[in-house]
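>>> curious how this folds, go ahead:
(one chain, ligands or ions: 1)
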Amino acid sequence: MNRIPFIAGNWKMYKTGPEAVETAERLVTLCADVENVEVMIAPTFLSLPLITPCVKGTCVKTGAQNLYFEKEGAFTGEVSAEMIRATGSEYVIIGHSERRQYFGETDANVCKKLKSSIHAGLKPILCIGETEIERNEEKTFQILDKQVSDGLKSFGSDELKDLILAYEPVWAIGTGKTANINQVEEVHQYLRALVGRLFSMDFACRIRILYGGSVKPENIRELMNIKDVDGALVGGASLDPEKFIKIIKYYL
Ligand code: PGA
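Modelled structure (predicted):
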């Protein structure tokens, strides 16, 4: 199955509007000769309508880092899938561990957010991953199983055709610790088989599964060599376009 590699940059709560525009413009220039890799950057909500026109017609796409599942209403401080789509953005990150950790995101919420993103025509990137304690207690697969099963509950595979999964072990995010090759391989294999059990093996072979957690130019190549790794969700190293391009061009 030919899955096009997908490299995504999660800019988290970094960069003002002008800084985001400058970074996006530089990245577009650096990406001019990128081959057979899809690139996505997710700035803050405020920068999304500023950078989306800058990347139009290039291989760089944009996405949001979160959304609220209602279409509109009295929900102070929230942004809907329709509003994100109206900026021209194609993607949205859902269930990032920082949202789960600091903002009370639950699998039930994740499921609602997935539904609203799909209805609005946004492509969801569903983040899952275990904490260090959960890994040490050998609960990794149990946790992933729950996050995937509950998050994707009530969907048919036809609705999920644009779904991207991102495995991000919480203990590897922003810590400099990357999961080792065997850990990543084992989990990605498990996730594809799990999606196969929940839907079908044909569907499971189609969806892309990204790895995230301290991805950098020095480790991207070996990560991308792992059979079931189809790309990366990059935090810190995506903020600097000169560094991020080395990850995007991992194949050189
Ligand atoms: P990191 O973040 O690359 O800085 O570890 C990854 C993420 O949170 O998506």
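
>>> quick one: secondary structure of F141?
What DSSP: H, G, I helix; E, B strand; the rest coil gives for F141 is helix.

>>> tell me the contacts of the closest residue in space to V39 that isn't next to it in sequence?
Setting aside the residues directly before and after it, V39 is nearest to V60 in space (Cβ to Cβ, 6 or more residues apart in numbering), at 4.8 Å. Bear in mind the C-beta positions are built from the backbone N, C-alpha and C, glycine included. With contact taken as Cβ atoms under 8 Å, 6 or more residues apart in numbering, V60 is in contact with A24, L27, V28, C31, V39, M40, I41.

>>> cutoff 7 Å now
V60 sits next to L27, V28, C31, V39, I41 when contact means Cβ atoms under 7 Å, 6 or more residues apart in numbering.

>>> equivalent analysis for I207, please.
Contacts of I207 (Cβ under 7 Å, 6+ apart): L163, I164, L165, V195.

>>> partner residues bridging the spatially closest residue to the second one that is not a sequence neighbour?
Meaning I164. Nearest residue to I164, sequence neighbours excluded (Cβ to Cβ, 6+ apart): I125, at 4.5 Å. Judged by DSSP bridges, the bridge partners of I125 are I93, I164.

>>> pretty sure I125 is touching E168, no?
No - using Cβ atoms under 7 Å as the test, I125 is too far from E168 to be in contact (10.4 Å).

>>> and the residue nearest to I164, how many residues sit next to it?
Applying the criterion other Cβ atoms under 10 Å, we find 29 residues in the vicinity of I125.

>>> and L163, by the same measure?
24.

>>> check what pLDDT the closest residue to the ligand within the chain gets.
Residue of the chain nearest the ligand, by Cβ to the nearest ligand atom: G235 (2.3 Å). Per-residue pLDDT puts G235 at 98.

>>> surely it meets W11?
No - checked against Cβ under 7 Å, the pair G235 and W11 is beyond contact range at 8.1 Å.

>>> contacting residues for the closest residue to L48 other than its chain neighbours?
In this structure, L48 finds its nearest non-sequential neighbour in T87, 4.9 Å apart by Cβ to Cβ, 6+ apart. Going by Cβ under 7 Å, 6+ apart, T87 touches L48, P49, T52.

>>> if we use 10 Å, what do you get?
Each residue near T87 by Cβ atoms under 10 Å, 6 or more residues apart in numbering is listed here: F45, S47, L48, P49, L50, I51, T52, P53, T62, A64, V79.

>>> out of these, which are buried?
For these, a burial check counting by 16 or more other Cβ atoms under 10 Å picks out F45, S47, L48, P49, L50, I51, T52, T62, A64, V79.

>>> chain neighbours aside, what residue packs nearest to the last one?
In this case it means V79. Going by Cβ to Cβ, 6+ apart, V79 has F45 as its nearest residue, at 5.3 Å.

>>> my guess is that neighbour meets G63, correct?
No - between F45 and G63 there is no contact under Cβ atoms under 10 Å: 11.1 Å.

>>> okay, and the common contacts of those two?
Contact criterion Cβ under 10 Å, 6+ apart; residues shared by F45 and G63: I84, S89.

>>> show me the contacts for the residue lying farthest from the centre of the chain.
Of all residues in the chain, A74 has its C-alpha farthest from the mean position, at 28.2 Å, by Cα atoms, centre = their mean. Not one residue lies near A74 by Cβ under 10 Å, 6+ apart.

>>> understood, closing this out.
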